[in-house]
Every structure is written in structure tokens, then in C-alpha cells.
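1. got a sequence here, can you model it:
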Amino acid sequence: MRRMPLFNLLILLAICVIGFGFYRGWFVLASRDAGDDSNQVEVQLTVDPDKARDDAKTVESKARELVSGEEEASSPETPDDNVKRKND
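-> Residues are numbered from 1 along each chain as shown. Prediction:
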């Protein structure tokens, strides 16, 4: 009985990732007519894993900058640091 909400959450997460992927250009969907005398339509899905990898690296570097910035801001200052700043 408890699996249904988890399943729904996973489906929602997958839909969000796919939608975000289309937005960021990881996936491209294109179509064209097969010909004038036919009712067929050609559909092409293109996946760009390099674009997704580049976006992941960008997110990782931004996260590292945020974490390192918070660590520097939260590091305790010594009295010597305060004296040095006043003399500068």
C-alpha cells in the first residue's frame, strides 16, 4: 500500500527531469513529413549528453563555490586578523 505514493513521486521526478532536459537543450524533438503522397510523419529525438554533462559540471562548480564561500565566512577570525585589517 505504501508503494503507490513513492511510485507517483518517482514518476513526477522523471517528468520534471525530462521537461528540464528539453528546456536546457539536452533533448530535441523534431518532425517532418515523409512525403506528399503519404500520411506518415518522421519524428526524430536527439539527445546531447555532452550538454547535460557540461550543465552538471557547471552546477557542481557553483555548488563548490557556495560551500567554500560559506566555509570562509563562517571561519572564526583571530584577533591578529582584526589588527592587520585596522593597520591596512
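
2. for the record, mean pLDDT for the longest helix that the chain contains?
-> When the chain is parsed with DSSP state H, its longest helix is helix 49-74. What helix 49-74 shows for mean pLDDT is 87.

3. before we move on, what about stretch 31-41?
-> On average, stretch 31-41 scores 80.

4. for that stretch, measure first residue to last.
-> Start and end residues of stretch 31-41 are separated by 7 Å (Cα to Cα, to the nearest Å).

5. hmm, who's touching that stretch?
-> Stretch 31-41 is contacted from outside by 42-44, using Cβ atoms under 8 Å, 6 or more residues apart in numbering. (C-beta placed from N, C-alpha, C; glycine too.)

6. per-domain residue ranges of the chain.
-> Domains of the chain are assigned by automatic domain parsing as 1-47, 49-88.

7. tell me how many other residues surround the closest residue to residue 24 other than its chain neighbours.
-> Spatial nearest neighbour of residue 24, chain neighbours left out: residue 55 (5.9 Å); criterion: Cβ to Cβ, 6 or more residues apart in numbering. Per other Cβ atoms under 10 Å, the neighbour tally for residue 55 reads 15.

8. offset the numbering so it begins at 111, please.
-> All set: I'll call the first residue 111, so the last point we hit is now residue 165.

9. surely residue 165 meets residue 131?
-> No - if you go by Cβ atoms under 8 Å, residue 165 and residue 131 don't touch, sitting 9.4 Å apart.

10. packing partners of the longest helix of the chain?
-> helix 113-134 (3 or more Cβ pairs under 8 Å, 6 or more residues apart in numbering; DSSP states H and E).

11. any idea how far the next helix-or-strand element following the helix it packs on is from the chain center?
-> Sequence order places strand 137-143 as the next helix or strand after helix 113-134, per DSSP states H and E. Mean C-alpha position of strand 137-143 versus that of the full chain (Cα atoms, centre = their mean, to the nearest Å) differs by 23 Å.
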